[in-house]
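[1] please find the sequence and the predicted model below.
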Amino acid sequence: MTVDDPRLHSIYDLVVHRNPGEDEFHQAVREVLDSLGPVIARHPEYADARVIERICEPERQIIFRVPWVDDSGRVEINRGFRVEFNSALGPYKGGLRFHPSVYLGIVKFLGFEQVFKNALTGMPIGGGKGGSDFDPKGRSDAEVMRFCQSFMTELYRHIGEYTDVPAGDIGVGGREIGYLFGQYKRITNRYESGVLTGKGIGWGGSAVRKEATGYGTAFFVQEMLRERGESLDGKKVVVSGSGNVAIYAVEKVHELGGTVVACSDSAGYVVDEAGVDVALLKEVKEVERARISEYAERRSGASYFAGGSIWDVPCDVALPCATENELDETAARTLVAQGCTVVAEGANMPTTPAGVATFVDAGVLFAPGKAANAGGVATSALEMQQNASRDSWTHDHAETRLAEIMAGIHARCAEAADDYGRPGDYVLGANVSGFIRVADAMLAMGVV
Ligand code: GLU
């Protein structure tokens, strides 16, 4: 592994030293540094200007108290975060995650990934991420609203359409973006549409934003298969998760001819050999906010497995769309042994490093999240574009743009992999291509 390069190795050691206990951040940095050895060998100017060290240090990190009152009148205190990682290519851009697991290390890993992902889209967006350890599960709409209002009462001073543009991630969807936007508008007395993306279509949102991450992942798979003269037609697909990314990955895979036979939530998974019924999945997860077990109860022929691993379900294509490190080496071996030949990450960093190595060694086509799930943030950039011009595009136009952007990301990854003598290595291609775009902008702007 190229972190063996002494310069990269010492950068990695420094990151671990300066960010103690932040394992996910270390993992995300290591995964990128592993790809950069050949780049700094060819371009010593990046190392000379210490661009990599600068990229690993966020430009700004904000941590704040979020006090709010629950429905019983009890005062609750959560912690809020926004890590503004890199603004070389545009305003900081990236989602907010509300989940009990959120701490600074998770936000930094996501922000770091976002920098390269956003660069890969070819669009004018920097990278950032935020969130809170607030758990929306089981909370009433009124509680979620009060939490969002308190969160924005601090966050508003740090964001803006030319500064930092948050959006959704796990636990933050259309409902939360609505409450956050409402509070921002109230505090600032500005109808600043471009300050948040993922807004409702009737008030500045973009068609296809909700679907974009999942659709984009399916489009990316289609591009990878096309290179091999294949398509999704007739392929058996397993999609982990049942949130926003998973639901729309399932929908698009079906439209492209594949059959999704399993999906999951944090409690278990369902197997539905006839193909997951997307309408029922949406009803259970989006409307009722219920567990995936509910799906199996209402769908004849579907079975529910409490606990266990969804990766035990045999498939041709696996799309991890739940959360980080959900697919480990054991799961990867099982997938390979049962004939899986394509893996694309709809979530951020869902495959462990040993899992990725297992896929690469087995010759599986593997697309990392920063390429395969970039359709979400790319469509956010399209939303910013529509807001800036006070325009609103049709669903078809937005989806056509998304498909073109995913094809562009695929081409950039493939070209960088070819250029560095590793054809078909999408991990290397994504890291190198994203890094070079950010690094060149940073070089041009001097030591800032
Ligand atoms: N949270 C999404 C991601 O991981 C999207 C962020 C955005 O739209 O800004 O890329």
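    Yep, it's here. The model shown is predicted, which means the values in this text are computed figures rather than measured ones.

[2] mind naming the longest helix for this protein?
    Longest helix in the chain by number of residues (criterion: DSSP state H): helix 395-419.

[3] how about that one and the ligand, any contact?
    No - using C-beta under 6 Å from any ligand atom, helix 395-419 stays clear of the ligand, coming no nearer than 12.3 Å. Quick note: C-beta positions are derived from backbone N, CA and C, even for glycine.

[4] in the helix or strand that that helix is followed by, what's buried?
    Downstream of helix 395-419, the first helix or strand assigned by DSSP states H and E is helix 426-444. Applying a neighbour-count criterion of 16 or more other C-beta atoms under 10 Å, one finds 426-443 buried in helix 426-444.

[5] and those near the ligand, which?
    Answer for the buried residues of helix 426-444 near the ligand: none qualify (C-beta under 6 Å from any ligand atom).

[6] mind giving me the packing neighbours of the longest helix of the chain?
    helix 104-120, helix 209-227, helix 369-372, helix 375-388, helix 426-444 (3 or more C-beta pairs under 8 Å, 6 or more residues apart in numbering; DSSP states H and E).

[7] dump those helices to a markdown table, plus mean pLDDT.
    As requested, those are exported to a markdown table (pLDDT from 0 to 100):
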| stretch | mean pLDDT |
| --- | --- |
| helix 104-120 | 98 |
| helix 209-227 | 97 |
| helix 369-372 | 98 |
| helix 375-388 | 98 |
| helix 426-444 | 98 |
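
[8] which of these is buried the deepest?
    Comparing the helices and strands packed on helix 395-419 by mean neighbour count (mean count of other C-beta atoms under 10 Å), helix 369-372 ranks first with a mean of 30.

[9] distance from the chain centre to that helix, please.
    Relative to its chain's centre, helix 369-372 lies at 7 Å (C-alpha atoms, centre = their mean, to the nearest Å).

[10] near the ligand, anything from that helix?
    No - using C-beta under 6 Å from any ligand atom, helix 369-372 never reaches the ligand; the gap is at least 7.8 Å.

[11] before we move on, back to that, want to throw the helices and strands packed on helix 395-419 into CSV with distance to residue 18?
    What follows is the helices and strands packed on helix 395-419, written out as CSV (distance: least, C-beta to C-beta, whole Å):
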stretch, distance to residue 18
helix 104-120, 11
helix 209-227, 31
helix 369-372, 23
helix 375-388, 27
helix 426-444, 19
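
[12] among these, which comes closest to residue 62?
    helix 104-120 (9.9 Å; C-beta to C-beta).

[13] so what strands line up beside the next helix or strand after that closest one?
    Downstream of helix 104-120, the next assigned helix or strand under DSSP H and E is strand 127-132. Here strand 127-132 has these sheet partners by DSSP bridges: strand 75-86 (antiparallel), strand 92-98 (parallel).

[14] model confidence over strand 127-132, on average?
    Regarding strand 127-132, the rounded mean pLDDT is 98.

[15] any idea which helix or strand comes after that strand?
    helix 141-155.

[16] so of the strands paired with strand 127-132, which one's packed in deepest?
    strand 92-98 (a mean of 28).

[17] the stretch 151-300 of the chain: helices as residue ranges?
    Using DSSP state H, counting those that start in this stretch, the helices of the stretch 151-300 of the chain run over 174-188, 209-227, 244-255, 278-282, 293-298.

[18] which strands or helices does the second one pack on?
    Under the contact definition 3+ C-beta pairs under 8 Å, 6+ apart, helix 209-227 sits against helix 244-255, strand 317-320, strand 342-344, strand 365-367, helix 369-372, helix 375-388, helix 395-419.

[19] residues in contact with the second one: which ones?
    Counting contacts by C-beta atoms under 8 Å, 6 or more residues apart in numbering, the residues outside strand 317-320 that touch it are 217-218, 221, 232, 235-241, 246, 249, 253, 258, 311, 326-327, 335, 340-347, 350-351.

[20] got the CA coordinates for that strand in CSV?
    Extracted C-alpha coordinates of strand 317-320, given in CSV (Å, rounded to 0.1, in the frame of the first residue of the first chain):
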residue,chain,number,x,y,z
VAL,A,317,-24.9,-6.9,-7.8
ALA,A,318,-24.6,-5.6,-4.2
LEU,A,319,-25.4,-2.0,-3.4
PRO,A,320,-24.6,-1.1,0.3
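
[21] which parts of the stretch 101-250 of the chain sit against the ligand?
    With C-beta under 6 Å from any ligand atom as the criterion, the stretch 101-250 of the chain meets the ligand at residues 117, 167, 169, 197.

[22] now, which of those sits nearest residue 277?
    Using C-beta to C-beta, those come closest to residue 277 at residue 169, 26.2 Å.

[23] show me the contacts for the closest residue to that closest one other than its chain neighbours.
    In this structure, residue 169 finds its nearest non-sequential neighbour in residue 95, 3.3 Å apart by C-beta to C-beta, 6 or more residues apart in numbering. By C-beta under 8 Å, 6+ apart, the contact list for residue 95 reads 110, 129-131, 166-169, 172, 198, 377.

[24] got TSV for these, with distance to residue 69 too?
    TSV is the format used below for these (distance: C-beta to C-beta, whole Å):
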residue	distance to residue 69
110	29
129	27
130	22
131	21
166	24
167	27
168	24
169	25
172	20
198	26
377	33
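
[25] how many other residues sit next to residue 413?
    30 (other C-beta atoms under 10 Å).

[26] list the contacts of the nearest residue to it once chain neighbours are set aside.
    Spatial nearest neighbour of residue 413, chain neighbours left out: residue 429 (3.4 Å); criterion: C-beta to C-beta, 6+ apart. Contacts here follow C-beta under 8 Å, 6+ apart; on that basis residue 429 touches 371, 412-417, 420, 422.

[27] and the buried ones among these, selectable in ChimeraX?
    Selecting only the buried entries of the contacts of residue 429 in ChimeraX, with 16+ other C-beta under 10 Å as the criterion:
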select :371,412,413,414,416,417,420,422
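
[28] what's the most distant pair in the contacts of residue 429?
    Using C-beta to C-beta, the two most remote members of those are 371 and 420, lying 15.3 Å apart.

[29] got the contact list for stretch 294-305?
    242, 268-274, 277, 280-281, 284, 288, 292-293.

[30] mind redoing it with 6 Å?
    Outside stretch 294-305, the residues within contact range by C-beta atoms under 6 Å, 6 or more residues apart in numbering are 268-272, 274, 277, 280, 284, 293.

[31] do the same with stretch 393-405
    206-208, 212, 216, 219, 375, 378-379, 382, 386.

[32] then stretch 108-119 to PDB, C-alphas only?
    Provided in PDB are the C-alpha atoms of stretch 108-119 (Å, rounded to 0.1, in the frame of the first residue of the first chain):
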ATOM      1  CA  LYS A 108     -14.900  14.800   9.800                       C
ATOM      2  CA  PHE A 109     -14.800  11.500   7.900                       C
ATOM      3  CA  LEU A 110     -18.000  12.500   6.000                       C
ATOM      4  CA  GLY A 111     -16.600  16.000   5.300                       C
ATOM      5  CA  PHE A 112     -13.300  14.700   4.100                       C
ATOM      6  CA  GLU A 113     -15.100  12.200   1.700                       C
ATOM      7  CA  GLN A 114     -17.300  15.100   0.600                       C
ATOM      8  CA  VAL A 115     -14.300  17.200  -0.600                       C
ATOM      9  CA  PHE A 116     -13.300  14.500  -3.200                       C
ATOM     10  CA  LYS A 117     -16.800  13.500  -4.100                       C
ATOM     11  CA  ASN A 118     -17.800  17.000  -4.800                       C
ATOM     12  CA  ALA A 119     -14.700  17.600  -6.900                       C
END
